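*Asks:* got a structure for you, letters missing:
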Ligand SMILES: N[C@@H](CCC[C@H](N)C(=O)O)C(=O)O
């Protein structure tokens, strides 16, 4: 069987996108591995699957699989790519779309300049919503990791995020602390780990060790989470430029309870077909 796919990226966070509205797609662990593996397969941080809507009032269902095969409910950079993908594939010509993930309804808007804005919904700070094992909601939490005290904020953007402030992202311990914090038992569904450098009230730098994918060049939900936490701490303005390793994202939010809007690019890299016989 020939499986058609499109390779895309959003600020360097890369995806294999599959149209499952016109052809059957069964996301078995073996097939997902083939699509995500950078040496023996196509290679990507996440596989994105577009399906026909399963409920009224949405345009598409949107499934997200991390490189380790886990299915999750949010992918911000992927949402921008999805908006471009459905337009390029002739699946929809609507400039505004509503899509449904496992955890969220997202609103996507293609802009005239080629950028895409995603309404990522409001951040959720209640520990049970993240989920995070804490006795009560707080702006800052602390835990001990190998004798080192780690202070952080925690939030759900439809997926769980831990955000810790660092002096300089270039020297932050992303590759050592990230893999230790991601499976921390206080986060029963694991967690995306963000390292946030606050440059000014409207500019930050960010690196994210993603759950199920390792460090990526950008994490859209991580950018929203970092700004939401920075705003909760009273350190950031309503509009913030987030510099990630693969580019820049604009994150806007009027404050708690209000939606977070993320604007950034979405690019197609190539299309292809994979021979698959299982
Ligand atoms: N890269 C994504 C997030 C993908 C899912 C994440 N790794 C998780 O497990 O929650 C983004 O741009 O938001």
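*Replies:* All right, it came through fine. Predicted model, so just to flag it, every value in this text is computed and none were measured.
*Asks:* ranges for the strands of the stretch 1-150 of the chain?
*Replies:* 2-10, 13-19, 46-51, 60-66, 71-72, 96-100, 105-110, 116-119, 141-145, 148-156 (DSSP state E, counting those that start in this stretch).
*Asks:* a markdown table for the ones you listed, including mean neighbour count and distance to residue 25?
*Replies:* (Glycine included, C-beta is placed from N, CA and C.) Formatted as a markdown table, the entries for the strands of the stretch 1-150 of the chain read as follows, by neighbours: other Cβ atoms under 10 Å; distance: least, Cβ to Cβ, whole Å:
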| stretch | mean neighbour count | distance to residue 25 |
| --- | --- | --- |
| strand 2-10 | 20 | 7 |
| strand 13-19 | 25 | 5 |
| strand 46-51 | 22 | 6 |
| strand 60-66 | 23 | 9 |
| strand 71-72 | 20 | 13 |
| strand 96-100 | 19 | 16 |
| strand 105-110 | 20 | 20 |
| strand 116-119 | 23 | 23 |
| strand 141-145 | 12 | 39 |
| strand 148-156 | 19 | 28 |
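*Asks:* what parts of the chain come near the ligand?
*Replies:* Residues of the chain that fall close to the ligand, judged by Cβ under 6 Å from any ligand atom: 13, 45-46, 66, 72, 74-78, 159, 192, 210-213, 216, 219-221.
*Asks:* can you list the weak-confidence ranges in the protein?
*Replies:* Judged against pLDDT under 70, the chain has no low-scoring part.
*Asks:* and the residue lying closest to residue 267 once chain neighbours are set aside, what does it touch?
*Replies:* Spatially, and ignoring its direct neighbours in sequence, residue 267 is nearest to residue 9 (5.6 Å; Cβ to Cβ, 6 or more residues apart in numbering). For residue 9, the contacting residues are 15, 77, 81, 246, 267, 269, taking Cβ atoms under 8 Å, 6 or more residues apart in numbering as the criterion.
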